[in-house]
Structure formats: structure tokens, C-alpha cells
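> let me see the structure of the following:
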Amino acid sequence: MEIEKLKQHVEKVDKISNDSWLKSLNERKLKELEFHNRDRQEESVNASADTFEKFYANRKYYHTVERSRSYVDNWLKHNVEGKVVLDYACGNGDVAIKTAKYGAKFSLGFDISDVSVQNARNIAKNMGLESKVKFFQADAEDTKLPDNSIDIIICSGMLHHLDLSYTFPELRRILKPGGKVFAIEALDYNPAIKLYRKLTPNMRTEWEKAHILKLSDLTFANRFFEVDEIKYWHVIGYAGALIKPLAKFFDLLDIVLEKIPFINRLSWTFTFVLKKRQNDN
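Predicted coordinates for the structure are as follows:
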């Protein structure tokens with residue numbers, strides 16, 4: 001009954017995504033929609049881009065992030081079974097589809113990009129998962145989902161697209177008490193990576209470039225959640241894409257560097273969990 005009510009609610013939310021809804025979006029959100037529609041339209045011919053890979057953007061770096069990729073995958077396997085899971089700003093729906101395969105009771109995914117949503121629907125249909133996962137268009141800062149309706153929310157490289165002063169309260173509102181947000185995000189401390197971002201401006205919106213996460217954002221998050229399971233990834237390992245003979249050495253060195261306070265802030269990415277307090281209704 002819980003799932004049927006949620007499905008019905010999502011269908012109503014999805015019908016809101018029309019001209020009047022578009023007119024309600026501010027300029028920043030319309031730019032995000034336009035940017036990601038253009039980006040995902042190019043993929044729609046073969047709509048199978050992995051959300052995690054899209055986050056890392058440049059294909060030559062993919063093989064350097066295997067440890068964090070495996071960690072994310074294992075976290076999902078151990079936490080989503082029997083749960084209602086939401087892929088928050090889902091892109092082409094990779095995470096929602098993956099959680100459906102891993103035994104989620106029901107998986108949802110939404111994105112501001114209607115092209116992304118359609119790509120995700122097509123992929124789910126082709127994989128025979130239509131009954132286990134549902135995608136819809138929505139605004140991440142105002143999802144229209146019911147209060148206390150989601151067990152697990154996955155934020156895969158998308159918090160820096162949003163205004164966290166709206167996003168964190170919204171995440172807390174839709175999470176069930178004791179529910180968790182699992183996030184993987186870029187960090188904004190490494191000067192080499194910051195330079196790379198400046199040299200590749202077309203890969204990001206202006207808002208996105210200006211809001212790569214810092215640890216101060218976790219301090220802010222602590223007003224709304226219990227912050228836990230912070231892990232840092234890839235201080236220098238990405239250099240293995242440029243110096244391939246040393247790739248394994250860099251990755252092994254990272255295992256040490258990622259545990260050293262302050263040095264680990266130079267990591268490319270970090271993962272963390274935001275838990276809604278049990279007495280928070």
C-alpha cells in the first residue's frame with residue numbers, strides 16, 4: 001500500500017512538469033535544465049551513460065577511480081535492500097536502476113532535465129525494470145514528494161548544482177526518521193584540480209563552478225542531519241591517467257594520503273552520509 005500511494009503521488013507530481021511549472025523556475029534552474037538537456041540529448045541515441053562516470057566527465061580519468069567506485073557500489077549493495085530509494089537528480093538513471101537490481105523495495109529517480117528522465121525511462125524499459133523503478137521530472141529544491149517517504153537518498157555528484165540552503169531542508173523533509181543520504185561530491189581545495197576546472201569551463205554551469213563543496217558545507221549540513229562516514233578519495237591518483245606506468249603506485253600512495261588530516265582535503269572527491277535523526281519528524 002505504501003508503494004502504491006507513492007507511485008500515485010509521483011504520477012501527480014510528474015503531471016505538474018508543464019509550461020506553468022517551467023515558468024516557476026528561476027534563471028539558475030532554467031540554465032541547469034538547458035545545460036543538461038543539451039548534454040543528455042547527445043547521449044539519447046545510446047542512452048547508457050553512467051551517472052558516476054558523467055560526474056568524472058573526462059574519460060581518460062575513469063580507470064583511476066576504481067577504489068571509490070567499488071566503495072560506492074558496495075555501500076549501495078549493503079544499504080538499499082528492502083528500502084524505498086531515491087536517485088536525487090538522477091541524470092540518465094544509472095543509480096536508481098542499480099538499486100532496483102540490488103533489491104530495493106522501490107526505486108525512484110528524478111531530474112530537472114526532461115531529456116534525462118526520458119533517457120532513464122528508456123533504459124529501465126529496455127532492461128525490464130519498469131515495475132521496480134519510476135522516473136519523473138522535478139526540481140531538486142522542491143521535489144513535491146511526501147514528507148517522511150524515502151528510506152535512502154543517493155546524491156551522486158549533484159549537490160554542487162544546488163542551493164544547499166533549500167536542498168538540505170528538502171532532503172530532511174522527504175527522508176523517513178533514521179533515513180540516510182549517501183553523497184559523493186568533488187572537493188574544492190586541490191589547486192591542480194581547480195586549475196583544471198578553470199581550463200574546462202564548458203563542462204560546467206557558472207553556478208556549478210562556484211559551488212564545488214567545501215567542508216564548511218558539511219558543517220552547515222550538521223544543522224539538519226547527523227554527518228557520518230566521511231571518506232576522502234584520490235589525492236594524486238588521477239595523475240595516473242597522464243603517467244600510466246605510475247598509475248598503480250599513485251593509487252597505493254593515495255591509500256595513505258587519504259588518511260592524513262589536512263592532506264586528505266586535497267582529494268578529488270569525498271563521500272559522506274547524512275542521517276536524519278530518529279526523533280525528527
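
> can you show me the helices along the stretch 1-150 of the chain?
2-16, 19-24, 27-41, 51-56, 66-79, 94-101, 114-126 (DSSP state H, counting those that start in this stretch).

> and the pLDDT for residue 52?
On pLDDT, residue 52 comes in at 42.

> oh, I was asking about residue 210
89.

> kindly provide the distance from it to residue 111.
As for residue 210, its distance to residue 111 is 21 Å (criterion: Cβ to Cβ, to the nearest Å). Backbone N, C-alpha and C define where each C-beta goes, glycine included.

> among these two, which residue is more densely surrounded?
residue 111 (31 against 10; other Cβ atoms under 10 Å).

> in the beta-sheet assignment, what are the partners of the more buried one?
For residue 111, the beta-bridge partners under DSSP bridges are residue 137.

> ok, and residue 277, which helix or strand is that part of?
Counting by DSSP states H and E, no helix or strand carries residue 277.

> ok, now which ones touch it?
For residue 277, the contact set (Cβ atoms under 8 Å, 6 or more residues apart in numbering) comprises 177-178, 225-226.

> for PyMOL, write a command that selects the buried ones of these.
To isolate the buried ones among these in PyMOL, judged by 16 or more other Cβ atoms under 10 Å, type:
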select buried, resi 225
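
> looking at the contacts of residue 277, which is nearest residue 78?
Nearest to residue 78 out of the contacts of residue 277 is residue 178 (Cβ to Cβ; 16.0 Å).

> could you look up the SS state of the closest one?
strand (DSSP: H, G, I helix; E, B strand; the rest coil).

> for the closest residue to it other than its chain neighbours, give its distance to residue 148.
In this structure, residue 178 finds its nearest non-sequential neighbour in residue 278, 5.0 Å apart by Cβ to Cβ, 6 or more residues apart in numbering. Applying Cβ to Cβ, the value for residue 278 to residue 148 is 12 Å.

> and residue 114, by the same measure?
Here residue 114 is placed at a distance of 28 Å from residue 148 (Cβ to Cβ).

> and residue 127, by the same measure?
30 Å.

> go ahead and confirm residue 146 touches residue 10.
No - the pair residue 146 / residue 10 is not scored as a contact, 9.5 Å apart, by Cβ atoms under 8 Å.

> more neighbours, these two?
In terms of neighbours (other Cβ under 10 Å), residue 10 is the more surrounded of residue 146 and residue 10; the figures are 22 against 14.

> and the gap between that one and residue 245?
50 Å.

> before we move on, what about residue 83?
43 Å.

> for residue 188, same thing?
Taken as Cβ to Cβ, the span from residue 188 to residue 245 is 30 Å.

> do the same with residue 24
For residue 24, the distance to residue 245 - Cβ to Cβ - is 54 Å.

> what's the burial count for residue 253?
Neighbours around residue 253, by other Cβ under 10 Å: 14.

> for it, give me the pLDDT.
Residue 253 is assigned a pLDDT of 95 by the prediction.
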